[in-house]
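*Asks:* here are the coordinates; sequence isn't available:
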Ligand SMILES: Cc1cc2nc3c(=O)[nH]c(=O)nc-3n(C[C@H](O)[C@H](O)[C@H](O)COP(=O)(O)OP(=O)(O)OC[C@H]3O[C@@H](n4cnc5c(N)ncnc54)[C@H](O)[C@@H]3O)c2cc1C
């Protein structure tokens, strides 16, 4: 990074000429949407946003920037939660490379159960195209209407179906990547068996744009489920949630698609701040579980399995109440509650976020210990732990005490991170489960990661990007 130089007028002119009038924007007003973060945590700057239309243009842009030692920040749908796609946080002269114009689905091979798609395709559009072709792409997250598949790959996104289908990493069969010097690594062959040496594509999954620009991918598809059952359940406490989850795995096996949880305070925030969001249950309960099953059996059998599981839960006392969606509209209403939590929490005041994972069996202990630790430091703080129980991934988010000034609360960000991240790592977990490192957790990466891991990552970074132009200052400390 120390060798990087600001983009000169000459380089900017060359890039503009290369891409034509559709291929770039500059000036504070036009670059504004590309330099600030979804949550408003970071605002950066850039002299130029380039929007290449194809892989060849990406290659030419990187070759030019590499030649001039100018930093490049790849950007997808701009929904990342770690500041990874924000330019100019330390070096004011980085170029943003937006993939938004590269959004074509190149091909769907229904018999091979694969899709080949350009990086800038919005996830929801990809899901829909695959559904239209009679197949199923399982990656699903609340930001799916905006995030792009290239961003999902670059953050190794998790979401709500990891339990059954794995993280994005598990869905990638091949990648096309432009390296920092403009060379193109292309491996879009869509085979499931290929033991020809190092699995290079996996280096770029979760690399957050620090090793190259993902321009296209070949991804695994699955049979479209014939039946789906979705229920919202009321549960007493995290111990009961984990026991219920264990029982669900025993009873329903691979039919479980999602097993999500959130506490009463999250339901309150969603109902209060998001119009049209209402709990379908008659009363308020301490904790909720959203369980969804799906499979190739008939709808009647999928429903029957879910009902038997719910009856067993009521009989054992693990379940206090529950509602099974009777239509697609009711299913969507239930998911809206879960997907609305991040937005509602944002509207409920300042919040300090944590995206940690621990073994599923220690979730109750983790929530209890982390809640105690933050309350001791700041009485009145409001933990909102929600997330993907089935993967041990808890978004241990903290809302400000009601009477406190937001800025004063946010000043505690690092201190709270220190408490919560250290506890997650001590309990056998990770301080960054699915949102990545970006700019936000770069120092935590240095503090909490194994030094051998960090050494190897720096060696890989140096081998693939010797000038350090790719997303400088993100993920690894320079
Ligand atoms: C409401 C909400 C809910 C969310 N829920 C989840 C969730 O459940 N699970 C989860 O994992 N995440 C979640 N996220 C976070 C976010 O949506 C994901 O990280 C997503 O994968 C980012 O995709 P994007 O296209 O927006 O990437 P961006 O934000 O644009 O970029 C993210 C990172 O990837 C790099 N990048 C982007 N595109 C490329 C490319 N083509 N080549 C190389 N590098 C690239 C960027 O430089 C940056 O470092 C959520 C976010 C929001 C706002």
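*Replies:* Sure, I can see it. All figures in this text were calculated on a predicted structure; none of them were measured in a lab. Numbers count the residues shown, from 1 in each chain.
*Asks:* near the ligand, which residues of the stretch 51-200 of the chain?
*Replies:* The interface of the stretch 51-200 of the chain toward the ligand, taken as CB under 6 Å from any ligand atom, is made up of 73-81, 84-85, 99, 119, 141-143, 147-148, 150-152, 154-155, 157-159. Every residue, glycine included, has its C-beta placed from N, CA and C.
*Asks:* Buried residues in stretch 193-202, which are they?
*Replies:* Going by neighbour count (16 or more other CB atoms under 10 Å), the buried part of stretch 193-202 is residue 201.
*Asks:* next one: stretch 262-274
*Replies:* Counting neighbours by 16+ other CB under 10 Å, the buried set in stretch 262-274 is 262, 263, 265, 266, 267, 269, 270, 271, 274.
*Asks:* Can you tell me, leaving aside adjacent residues, what's nearest to the last one?
*Replies:* Meaning residue 274. Among residues not flanking residue 274 along the chain, residue 340 sits closest, at 4.8 Å (CB to CB, 6 or more residues apart in numbering).
*Asks:* Which helix or strand contains residue 173?
*Replies:* Using DSSP states H and E, residue 173 falls within strand 172-179.
*Asks:* Which residues does that strand contact?
*Replies:* Taking CB atoms under 8 Å, 6 or more residues apart in numbering as the criterion, the residues outside strand 172-179 that touch it are 55, 58-59, 62, 114, 116, 153, 184-192, 201-202, 204-205, 211-220, 464-465.
*Asks:* Can you give me the neighbour number for the residue in the stretch 201-350 of the chain positioned nearest to the ligand?
*Replies:* Of all residues in the stretch 201-350 of the chain, residue 209 sits closest to the ligand, with a separation of 3.0 Å (CB to the nearest ligand atom). Number of residues near residue 209 (other CB atoms under 10 Å) recorded here: 27.
*Asks:* I'd guessed it sits against residue 154; true?
*Replies:* Yes - counting by CB atoms under 8 Å, a contact exists between residue 209 and residue 154, whose distance comes to 5.5 Å.
*Asks:* overlap in contacts of those two?
*Replies:* Counting by CB under 8 Å, 6+ apart, the common neighbours of residue 209 and residue 154 are 74, 84.
*Asks:* Sticking with the residue nearest the centre of the chain, tell me its helix or strand.
*Replies:* To find the centre residue of the chain, average its C-alpha atoms and take the closest one (CA atoms, centre = their mean): that gives residue 157, at 3.9 Å. Element membership for residue 157 (DSSP H and E) is empty, with no helix or strand holding it.
*Asks:* Can you read off the pLDDT for it?
*Replies:* Per-residue confidence (pLDDT) for residue 157: 97.
*Asks:* Could you do residue 1 as well?
*Replies:* Among the per-residue scores, residue 1 holds a pLDDT of 50.
*Asks:* And residue 142, by the same measure?
*Replies:* With respect to pLDDT, residue 142 has a value of 87.
*Asks:* which residues sit in contact with it?
*Replies:* 338, 339, 340, 342.
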